[in-house]
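Engineer: Output the structure for:
(chains A, B, C and D)
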Protein chains: 4
Amino acid sequence: MIRFECDYTTGAHPKILEALVNTNGEAAPGYGVDIHCERARVILRELCQAPEAGVHFLVGGTQANTTVIAAALRPHQGVLCAETGHIHVHETGAVEATGHKVLALPAENGKITAGQIDQYCQDHYDNAAWEHMVQPGMVYLSLPTELGTVYTLAELEDISQTARRWKLPLFVDGARLACGLAASDVTLPDLARLCDVFYLGGTKAGLLFGEAVVITNPALNKDFRYLIKQHGGMLAKGRLLGVQFEAFLTDGLFLDIGKKEVDQAMRLREAFLAKGFGLFVDSPTNQQFPVLPNEVVVALEKSYSFEVWGKVDEGHTAVRFCTSWSTRDENVDALIADIQRL
Amino acid sequence: MIRFECDYTTGAHPKILEALVNTNGEAAPGYGVDIHCERARVILRELCQAPEAGVHFLVGGTQANTTVIAAALRPHQGVLCAETGHIHVHETGAVEATGHKVLALPAENGKITAGQIDQYCQDHYDNAAWEHMVQPGMVYLSLPTELGTVYTLAELEDISQTARRWKLPLFVDGARLACGLAASDVTLPDLARLCDVFYLGGTKAGLLFGEAVVITNPALNKDFRYLIKQHGGMLAKGRLLGVQFEAFLTDGLFLDIGKKEVDQAMRLREAFLAKGFGLFVDSPTNQQFPVLPNEVVVALEKSYSFEVWGKVDEGHTAVRFCTSWSTRDENVDALIADIQRL
Amino acid sequence: MIRFECDYTTGAHPKILEALVNTNGEAAPGYGVDIHCERARVILRELCQAPEAGVHFLVGGTQANTTVIAAALRPHQGVLCAETGHIHVHETGAVEATGHKVLALPAENGKITAGQIDQYCQDHYDNAAWEHMVQPGMVYLSLPTELGTVYTLAELEDISQTARRWKLPLFVDGARLACGLAASDVTLPDLARLCDVFYLGGTKAGLLFGEAVVITNPALNKDFRYLIKQHGGMLAKGRLLGVQFEAFLTDGLFLDIGKKEVDQAMRLREAFLAKGFGLFVDSPTNQQFPVLPNEVVVALEKSYSFEVWGKVDEGHTAVRFCTSWSTRDENVDALIADIQRL
Amino acid sequence: MIRFECDYTTGAHPKILEALVNTNGEAAPGYGVDIHCERARVILRELCQAPEAGVHFLVGGTQANTTVIAAALRPHQGVLCAETGHIHVHETGAVEATGHKVLALPAENGKITAGQIDQYCQDHYDNAAWEHMVQPGMVYLSLPTELGTVYTLAELEDISQTARRWKLPLFVDGARLACGLAASDVTLPDLARLCDVFYLGGTKAGLLFGEAVVITNPALNKDFRYLIKQHGGMLAKGRLLGVQFEAFLTDGLFLDIGKKEVDQAMRLREAFLAKGFGLFVDSPTNQQFPVLPNEVVVALEKSYSFEVWGKVDEGHTAVRFCTSWSTRDENVDALIADIQRL
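Structural biologist: So this is what the prediction gives:
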């Protein structure tokens, strides 16, 4: 069985694992104030051209999302989000559990627009019963989105400008940002400049675990470590995060991993298209969503693991193939050959 | 200015006010354990044919909704609700503030169906990522709905049966139940039999304030008074609620008020239809939503207060006229005459 | 049975009731934006010499406390409070239900000191594990306290200065403030000047219900009405609060009621002392806490209702006698006579 | 610098690390449903003689505590806990952030008694204002406690019996349980039998991270994975937890580590006592709290890292020395020699 079902099936990239093994015997203070965390912070601030940014390392994405959103909102505020957004659909109500409503916007290919945000805010304040409604208090995007699509720099600039006009902090969930950087014209300095907070995900890009949260808005950064602790995110052996990110951020490893994942995915995309299959959504990143005849699904399931995304019509099913840091080129070759042979 | 903008513009019905004045000097224990509350409980249990039901008097609807929902759900559960439901739209995220997601279902004329509830639950448990999603934990309806429509007894029985099959408590928000009883084939005993909890609203039917929550599910009733206190709903001079409900429930006053409101509203409805105006939604209760040419809106605004509900097209606007316990027949006559004269 | 068990056994003071009856037929917009609320706001701002203050009318004390505290704190912050404070002991965890810890300080006679607040903050930031502990984020006092004692103006000034040095909003719970004003050297302008927010209680001073929250800190006042709604505190017929407070604040009625309650209580205090009974706490307000021999408790219970506060030793019990707006002088006379006769 | 400041300064025990390295390339499903987690579950159930127990692996202690407590309590309930308990003092209000009050009991040497629990519950239900107070809903202990002390089996049986009589789930925080098992007469089967839920900590006993939660109460286990996800505790590469616990639980590694830590600590304890120093608390586990003259503290700080616990008097300070899985015997020898030489 060759595995394409998700991007976190295997352990750590060899360079990450090596760093963990090499530093295993070091004694370090806990909770993220060790030398490895500090070095990783310095590198990331440089990569972001954001010398003043707060950098915090958390274990997972749901934890990062919840902690950031709870830190940013007052009790009567909610967070604007695509209806397909992870926080709305796949976090078992973690945001609501901190008291806040997710304000879901209709999304096309997983994306929302500056225009939608603007309209929502305008409608809110125009409504005579505004105080009876949840106030929009933040904008949440993901890059890439749940459907693998990306925001262009121009779109991100529009959204940032709109958010600032309405005084809404802008938060970008970068659980798969390594791929997002490879597949869009957005850079880390762009994110640091346009967002109030974003994160660079490690879990889905070759770390055992870890998300690096970058906060450029000082008001949001204030006391953020209290919130990490309150949300159960302050890892006792915090240096595990520092060690991994130090390796991940050195010599462009995160960029290489992202690029490799995307390149492999593009080869799969072309193979599906060449065979005449449609795409549920045209993703430029490591998640590919071909629409396959049901019998093709059955045939491929014999040798490959992948995710059934949903029924499209009686005869067709959308599926998801994911490449990851550990996907081998020969396995991509094998799948492409099998697609061509169908 | 003749007022039709809502059903809580004036104070208390004369019989309610009289009861408050007559008992003003009585000394009574606080927090709803006085003789008036107790008498009102006895009457309401009888009216519901539910001798074991818990009956609790709260000040307002948002408070009642939040307290009931918080009492019923475990942390990972949400409440199924029409997308137009009060708890989803007009309570400033009160349900989310207690940690729970509102699971909004598409609604037709403010109503949801047993089939939708069934499908939502089926889909939830069929989804491979079910544990990453909010579990449906309760069903919330309102009778009448936000759009004035009502569930028939058959519909309510279907929903109740479905909810019970999925082990979901059924909760009916009866902020305007006096009208709902007048306009549907549903009775208090039906509600007590089919729901786990519902309330009979007083605020919009001639009380100064007050909602009578009836809980027939003993697990939900257990410790409910702690939750009332925690949610700020335990009125110090609780007998004010008992005194008002005692009068409201005596000699069918609540039924008379509901019937009068509905009868007046039906006269308005006929007048709008006779004049050829459409209805935004065809409501059988005290809220009427005609679609009027914009110039008619302007003309009527000179003598009448009513609520602008929303733009329908360039030339037409949906508006809401409400009758209330204090609406005078001569004012209804005047409005009808003006409609005919348009 | 002559009742001294609490200060909210009866309905409304005649002038309050009269105002409610007289305005019952008026039609008014809901939710506290009517003319009576507005007039009451104007009067209260004048009485406080705080022309810019936000004034909000809520139904009850627990609601007021919870809403104010939730509005003021970020998620990692708690509220400093006497260990005997109402929010710590008698609100069924309402503050915790909004996510915040009550940071209880040892209290003498229900009071805390500027020094305690200062030390707590110093200790917090001196502790190496500070980020693992709840950050002090607000100071809550009550005036009078749960034990009827009052803060002097000098004490309040000290506390205010300390709170401001640590950037902690100061909140004074004035559920019995009418008595507090009668029994201390603190005035409404002092409270407006020294606090960020306080309230003047109506429920325990002759209103059917109602607490007037005065917010002088603009950051706290911003969007406060959203929070009222979220916490179920936005009364549909909000004018009921305005009408009552308008009467309460006119011609010094609130001061007269407070003074009368205190004067009667002082007569009781002297009678207990004259008879040689001790005081559990020496309260200058309408709650009196004599320590009585158990047989005296039994004897008085035949004719008077009062609250058993707690066992002091095998032979003695602390009890509480409350005067209220409706306590008659002849009933105070009767009790004094019975005490003397013991 | 020889380090005794805490038990989580270094990485993983060689056997744990080896297991992680050996399985790094395996592809496995995420979220804890892989074969390693499953094997670790089987072993732990056997060790506990609890074949039906739910076993869940979480990353850290605060996360485990919060998730378990949130799963167990209804909104009006709080958790009984020693005033020195971790959840009350050192989790930045994580429990309160889920809406629940920590009901702190006075503690002697970090421990509470069955009698205290019984009295608290009795007092709660005897109090006339019970519904205005947080209901005790759960008992939280830690074994060892924050001060390194342990409950005896007899004490634990008493507490369990009392908790069951009041229908309170009993929860034992076992962040340092490996040491607790080495230093008390309590066994895993005892914990499984007497508690509703407990956990065996890995972070402080040689894992990179990880706590194994064992739930023997089926009502509490139901839907527990939803709560893990909601609290951000569902690790994507969940097998990291399974792999580590599989190694930790095999061939008694967890017992060996606990025994070694305790043995080393006992040698330190004796050295301090032999030198005539007192103990802040007499701990039988891996945390030792000698009371040292200030100049001794200064002297030892030159070569050893340890934690200053608090000032005892002008001349003395309580400090904490921790042994860990990675503490070398020669370093213990060195410290003992230095103590003797003082």
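
Engineer: all strands in the stretch 1-150 of chain A, in order from the N-terminus.
Structural biologist: With DSSP state E, counting those that start in this stretch as the criterion, the stretch 1-150 of chain A has strands at A:2-3, A:54-58, A:77-82, A:102-105, A:135-142.

Engineer: Which of these sits closest to chain D?
Structural biologist: For the strands of the stretch 1-150 of chain A, proximity to chain D was assessed by Cβ to the nearest Cβ; strand A:2-3 is nearest, at 4.8 Å. Glycine gets a C-beta too; all of them are placed from N, C-alpha and C.

Engineer: Quickly run through the sheet partners of the closest one, with directions.
Structural biologist: strand A:304-305 (parallel) (DSSP bridges).

Engineer: ok, residues contacting the strand it pairs with?
Structural biologist: Contacts with strand A:304-305, where a contact means Cβ atoms under 8 Å, 6 or more residues apart in numbering or on different chains, come from A:Met1, A:Ile2, A:Arg3, A:Phe4, A:Glu5, A:Phe321, A:Leu335, A:Asp338.

Engineer: let's see 6 Å
Structural biologist: Applying Cβ atoms under 6 Å, 6 or more residues apart in numbering or on different chains, the contact partners of strand A:304-305 are A:Met1, A:Ile2, A:Arg3, A:Phe4, A:Glu5.

Engineer: mean confidence for stretch A:234-250?
Structural biologist: Average pLDDT, stretch A:234-250: 98.

Engineer: Now do the buried residues in that stretch.
Structural biologist: A:234-249 (16 or more other Cβ atoms under 10 Å in any protein chain shown).

Engineer: Farthest-apart pair in those residues, please.
Structural biologist: Maximum pairwise distance among the buried residues of stretch A:234-250 (Cβ to Cβ): 22.7 Å, between A:Ala236 and A:Leu249.

Engineer: just to revisit the earlier point, from the buried residues of stretch A:234-250, which is closest to chain D?
Structural biologist: Using Cβ to the nearest Cβ, the buried residues of stretch A:234-250 come closest to chain D at A:Ala236, 4.5 Å.

Engineer: Can you tell me how far that closest one is from A:Lys229?
Structural biologist: 11 Å (Cβ to Cβ, to the nearest Å).

Engineer: Now the phi/psi pair for the residue lying farthest from the centre of chain A, please.
Structural biologist: The outermost residue of chain A relative to its centre, with distances by Cα atoms, centre = their mean, is A:Ala128 at 36.9 Å. With angles defined as degrees, to the nearest 10, A:Ala128 sits at phi -60, psi -30.

Engineer: coming back round to it: weed out the non-buried ones from the contacts of strand A:304-305.
Structural biologist: A:Ile2, A:Arg3, A:Phe4, A:Glu5.

Engineer: count of residues packed around the residue of the stretch 1-150 of chain A found nearest chain C?
Structural biologist: Proximity of the stretch 1-150 of chain A to chain C (Cβ to the nearest Cβ) peaks at A:His76, 3.6 Å away. Close neighbours of A:His76, defined as other Cβ atoms under 10 Å in any protein chain shown, add up to 28.

Engineer: dump the residue contacts of it.
Structural biologist: Counted by Cβ under 6 Å, 6+ apart, A:His76 has contacts A:Gln135, B:Thr92, C:Asp223, C:Tyr226, C:Leu227, C:Gln230.

Engineer: How about the backbone phi and psi for the residue nearest to the fourth one when sequence neighbours are not counted?
Structural biologist: The spatial neighbour of C:Tyr226 that comes closest, neighbours along the chain excluded (Cβ to Cβ, 6 or more residues apart in numbering or on different chains), is A:His76 at 3.6 Å. Per-residue torsions, A:His76: phi -90, psi 10 (degrees, to the nearest 10).

Engineer: Tell me the residues of the stretch 1-150 of chain A that contact chain D?
Structural biologist: Contact residues, the stretch 1-150 of chain A versus chain D (Cβ under 6 Å from any Cβ of the partner chain): A:3, A:8-11, A:17, A:24, A:27-28, A:30, A:59, A:62-63, A:66, A:92-94, A:97.

Engineer: Could you dump the buried ones among the contacts of strand A:304-305 into TSV and include pLDDT?
Structural biologist: Formatted as TSV, those follow (pLDDT from 0 to 100):
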residue	pLDDT
A:Ile2	93
A:Arg3	93
A:Phe4	96
A:Glu5	92
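
Engineer: my read: A:Phe209 touches A:Val59, true?
Structural biologist: Yes: between A:Phe209 and A:Val59 there is a contact at 5.2 Å, judged by Cβ atoms under 6 Å.
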